[in-house]
Structures are given as structure tokens and as C-alpha cells.
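**Student:** could you work out the structure for the sequence below:
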Amino acid sequence: MKILGVIPARFASTRFPGKPLVDIAGKTMVQRVYEQVKKATLITEVVVATDDARILEHVEGFGGKAVLTSVDHPSGTDRCFEAYQKLNEDFNYVINVQGDEPFIKPEQIDLLAALLNGDTFIATLVKEFKDQESLFNPNVVKAVINVKKKALYFSRSPIPHARNIEEEAWLSQHKYYKHIGMYAYRTDVLEELTKLPVSALEKTESLEQLRWLDNGYEILTAETKSETIGIDTPEDLQKALAYLKENPE
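**Tutor:** Residues are numbered from 1 along each chain as shown. All right, here's what the predicted structure looks like:
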């Protein structure tokens, strides 16, 4: 099974411009993500897909592989597909590893890759919620999965709703899942996804994966026990630096 790891890295971020090149204790964010993906044992090749020559040159400067992609892509999924096309190599799957997850664990990537057997269309990771604040935070995406570990729905709201139970007790009554936004796509499915129009569910929740569910694509999940630290704002960067102090390399 040949699996391509793609790290989408845009320079122009509304909340944190230049984010991929920000320094995190001596290494840029994009370098940290790249090195973590390279450690995954089930990944065949890794490439950064960027829209900016500065990021391209930086990645090549530390010995990484990168391709320049369009500035007009509406999502990381579209950027991943262009990167896959530009490499012009045969891969069975593409794994989209978020470029703002500098502490993603290689074991998490391998956990996702282990789901890819040729029959799986799309796969992603979930993690059990442990704190109420995150459960009710609309910026933290929730996933509902069935007994076969396939996603039923994703939402910014805490679902399912625990009827007649105080919110403080929800986590003790049901196992709620946080969505970890790393995706694996079978390459033919990835091409199909890039051609789908925006769906009503996607537009309502502002969640791209709902477009796929809306169009009948199954999303298989695996549960990780490891936490992730995404960096969306300069404030998140401070949390990341604090994490490094507590967990030195």
C-alpha cells in the first residue's frame, strides 16, 4: 500500500499570517509537522503543498520536499489533490496532515494509515472528550460514530443531545468524540471530492466533511488516545511553547 502524506501550508492566514514559518523553539511549525510525518512507518512519501515560494524554499532548505500549488484552493483537500497530481506518481491513498499540528504523533498517523485497505474511501481520527468546556466549545468539532466506527455526523454543537440530563453530567452518561482533523482519502475518491459542490449541511456548519457525508461517502474512524495541539492564533503559539517546556524533546 503506497500512502502519500501531504501537509497543506498556506502563508495567508486570516488569524495568523505566515503561520507555517513561525518559530517554535528553534524550528518552524511546518518543519516540525514534516519531521513528525516522516517518522510514521506506514507513510511512503511526504510533501508540503504550499501556495507561497517562501514556504517552498524553506522546506527545501531543511531537506524536505514541497510543491507549489494554487492560491485559489478553497480547502486543504483541493490543495492535497493538486500536490498529488503534480508528483505524478502512483499512490493508493493520500493522508492530509494539518500544517498547524506541530506535535502530531507518528503513532496517530500510523493509526489512521492502518485503516487503509483498498476498500476504505475516507478515514479520520476521533478522541473521547474528557472536559465539559471543550464539549460545549463551538470551535471544537464533535463526531458521532456508529457501531461499525463509521461517522454519522460532525457538528460544532455537542451531539447527541442528552435529554433530561444536566449539562454537567453529559460526559458521564455518554461517550462523546472530538474530531481530529486529519483525513485519509483513496486517491480516486479524492479526485471525486474535489468536484463536489458545496452542500447545505457544509454551508450551515462550515465543515467540509459534511459535504462528503451529504453525498453518500462513508468516513471510517479510529480512536486515538493522544491529544493534539492545533495552532490557529498567536495565543495558541504560547500554549505550544508551554507544552514544549513541560514535554521537552
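
**Student:** count the neighbours of the spatially closest residue to Asn215 that is not a sequence neighbour for me.
**Tutor:** Using Cβ to Cβ, 6 or more residues apart in numbering and skipping the chain neighbours, the partner closest in space to Asn215 is Leu196 (5.6 Å). C-beta here means a position set from N, CA and C on the backbone, and glycine is covered the same way. By other Cβ atoms under 10 Å, the residues close to Leu196 number 15.

**Student:** isn't Leu196 right up against Leu210?
**Tutor:** No - the pair Leu196 / Leu210 is not scored as a contact, 11.0 Å apart, by Cβ atoms under 8 Å.

**Student:** ok so, going back, quick check: phi and psi at the residue nearest to Asn215.
**Tutor:** Main-chain dihedrals, Leu196, degrees, to the nearest 10: phi -80, psi 140.

**Student:** tell me how far it lies from Glu202.
**Tutor:** Separation of Leu196 from Glu202 (Cβ to Cβ, to the nearest Å): 9 Å.

**Student:** shared neighbours, the two?
**Tutor:** Arg211 (Cβ atoms under 8 Å, 6 or more residues apart in numbering).

**Student:** this structure: helices as residue ranges?
**Tutor:** Assigned by DSSP state H, the helices in the chain fall at 29-38, 53-61, 76-87, 106-113, 132-135, 170-173, 187-193, 200-205, 209-214, 234-246.

**Student:** per-residue pLDDT of Glu223, please?
**Tutor:** pLDDT, Glu223: 98.

**Student:** now do the nearest residue to it once chain neighbours are set aside, the pLDDT please.
**Tutor:** Excluding the flanking residues, the one nearest Glu223 by Cβ to Cβ, 6+ apart is Val126, at 5.6 Å. As predicted, Val126 sits at a pLDDT of 97.

**Student:** my read: Val126 touches Ile145, true?
**Tutor:** Yes - Val126 lies in contact with Ile145 (Cβ under 8 Å); the separation is 6.6 Å.

**Student:** what sits in contact with each of the two?
**Tutor:** Between them, Val126 and Ile145 share these contacting residues under Cβ under 8 Å, 6+ apart: Tyr177, Thr221.

**Student:** the two: which has the busier surroundings?
**Tutor:** Between Val126 and Ile145, counting by other Cβ under 10 Å, Val126 is the more crowded of the two (22 against 19).

**Student:** pull out the buried positions in the longest strand seen in the chain.
**Tutor:** For the chain, the strand with the greatest residue count under DSSP state E is strand 177-186. For strand 177-186, a neighbour-count test (16 or more other Cβ atoms under 10 Å) marks Tyr177, Lys178, His179, Ile180, Gly181, Met182, Tyr183, Ala184, Tyr185, Arg186 as buried.

**Student:** max pairwise distance over these: which two?
**Tutor:** Lys178 and Arg186 (24.6 Å; Cβ to Cβ).

**Student:** which residues touch the residue nearest to Asn215?
**Tutor:** Residues near Leu196 by Cβ under 8 Å, 6+ apart: Arg211, Trp212, Asn215.

**Student:** show me which helix or strand of this protein is least confident by mean pLDDT.
**Tutor:** Least confident helix or strand of the chain, by mean pLDDT, DSSP states H and E, is helix 234-246 with a mean of 80.

**Student:** now it: how far from the chain's centre is it?
**Tutor:** 19 Å (Cα atoms, centre = their mean, to the nearest Å).

**Student:** quickly note the distance from Glu208 to Thr187.
**Tutor:** Computed as Cβ to Cβ, the Glu208 to Thr187 distance reads 18 Å.

**Student:** before we move on, what about Val140?
**Tutor:** Look at Val140 and Thr187: by Cβ to Cβ, they are 30 Å apart.
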